[in-house]
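A.B. asks: A predicted structure for the sequence below; I have some questions about it.
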Amino acid sequence: MARSELRPVVTLRSTAGTGSSYVTRKNRRNTPDRLELRKFDSPLIAAVGSPEETRPSVCRRHRR
């Protein structure tokens, strides 16, 4: 599956400060602004807000 700029890979990092995160893809056409979802944080055993963090757009073949 080819990577596209329309569906970038984003990281959702927990706001609780435990360091847990989720990696997902989002559709820029439907959600142009930053994504924030409530995701499960296992150290807290609760669902907390997880805002989007941008990831560097580096192709796996060209990574050094």
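C.D. replies: Received the coordinates, thanks. Because the structure is predicted, anything quoted here is derived from the model rather than measured. Numbering: from 1, shown residues only.
A.B. asks: Asn40: which element?
C.D. replies: That one is not Asn; residue 40 is Phe. strand 36-41 (DSSP states H and E).
A.B. asks: That strand: partners in the sheet, and parallel or antiparallel?
C.D. replies: strand 46-54 (antiparallel) (DSSP bridges).
A.B. asks: quick revisit: let me see the residues that make contact with the strand holding Phe40.
C.D. replies: For strand 36-41, contacts defined as CB atoms under 8 Å, 6 or more residues apart in numbering pick out 12, 14, 16, 18, 20, 22, 46-52. (Each C-beta comes from the backbone N, C-alpha and C, glycine too.)
A.B. asks: Need the buried ones from the residues you listed selected in ChimeraX.
C.D. replies: Buried subset of the contacts of strand 36-41, written as a ChimeraX selection, criterion 16 or more other CB atoms under 10 Å:
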select :12,14,20,50,52
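A.B. asks: which one of the contacts of strand 36-41 is nearest Arg3?
C.D. replies: Distance to Arg3 across these (CB to CB) is lowest for Glu52, with 17.3 Å.
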